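Colleague: build the 3D model from these lines:
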Amino acid sequence: MIAKFSADFPWRSLLPGVVALAVSAVVLGHAQAGGRHYFPPVDDPLVVEECGSCHLAFAPSMLPAASWARMMADLKNHFGDDASLDPAVAAKIAAYLTDRAGDRGGQRHGEKLLRGVATAAPDGGAPLRITELPRWVREHRKVPDWEWRHRDVRTRANCTACHVDAAKGYYDD
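Modeller: As a prediction, the model looks like this:
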């Protein structure tokens with residue numbers, strides 16, 4: 001037997017529940033997409049191979065394009081190491097990083113992290129270290145110094161020591 005819709009049924013009483021369900025779907029969908037601590041991970045095999053061979057291949061949206069350009073222009077002095085690459089390879093990686101930077105293609109994800117940061121200063125004003133961004137500093141201020149010195153951490157740039165899914169783009173605690 002097929003039920004017929006009745007004009008007597010209180011359809012309006014269902015409206016608040018339907019609205020709540022729709023809002024929940026939007027909120028949960030955003031949370032599943034990574035929430036406020038999600039940065040799309042590097043998906044280019046060349047970048048993963050070259051950058052990820054020494055450290056986590058950091059999400060391009062974590063820094064502005066000027067930062068990536070400045071960093072890639074001086075790989076000989078890459079945070080105390082010589083990370084020089086073939087110029088053609090370096091150019092491909094630089095294009096990948098700058099195109100997806102937090103003030104470009106990755107703006108949706110890097111916007112909060114880069115708020116208040118000089119993003120268009122290729123002359124040296126753009127930050128090179130994610131760990132020096134005001135938001136990063138604020139979110140990590142309660143981590144005691146001894147934890148940074150722990151043998152499994154050793155550096156503030158070792159995101160995967162605390163954020164086990166950092167390589168997948170998730171930096172929630």
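Colleague: and the closest residue to residue 156 other than its chain neighbours, what is it in contact with?
Modeller: Nearest in space to residue 156, with sequence neighbours left out and distances taken as Cβ to Cβ, 6 or more residues apart in numbering, is residue 131 at 4.2 Å. For the C-beta atoms, the positions are set from N, CA and C on the backbone; glycine is no exception. By Cβ atoms under 8 Å, 6 or more residues apart in numbering, the residues touching residue 131 are 137, 140, 156, 157.
Colleague: and the gap between the spatially most central residue of the chain and residue 75?
Modeller: The residue at the geometric middle of the chain, judged as the C-alpha nearest the mean C-alpha position with Cα atoms, centre = their mean, is residue 39 (2.4 Å). From residue 39 over to residue 75 the distance is 22 Å, taken as Cβ to Cβ, to the nearest Å.
Colleague: could you work out the end-to-end span of stretch 145-153 for me?
Modeller: 11 Å (Cα to Cα, to the nearest Å).
Colleague: gap between that stretch and the chain center?
Modeller: Distance of stretch 145-153 from its chain centroid, counting by Cα atoms, centre = their mean, to the nearest Å, is 23 Å.
Colleague: what residues does it touch?
Modeller: Residues from elsewhere that reach stretch 145-153, judged by Cβ under 8 Å, 6+ apart: 154, 155, 156, 161, 162.
Colleague: what remains of those if I keep only buried residues?
Modeller: The neighbour-count test (16 or more other Cβ atoms under 10 Å) applied to the contacts of stretch 145-153 identifies 156, 161 as buried.
Colleague: quick one: residue 38 and residue 112, what's the gap?
Modeller: Note on residue 38: its distance to residue 112, by Cβ to Cβ, is 11 Å.
Colleague: what about the two, which has more around it?
Modeller: It is residue 38, of residue 38 and residue 112, that has more neighbours when counted by other Cβ atoms under 10 Å, with 20 against 11.
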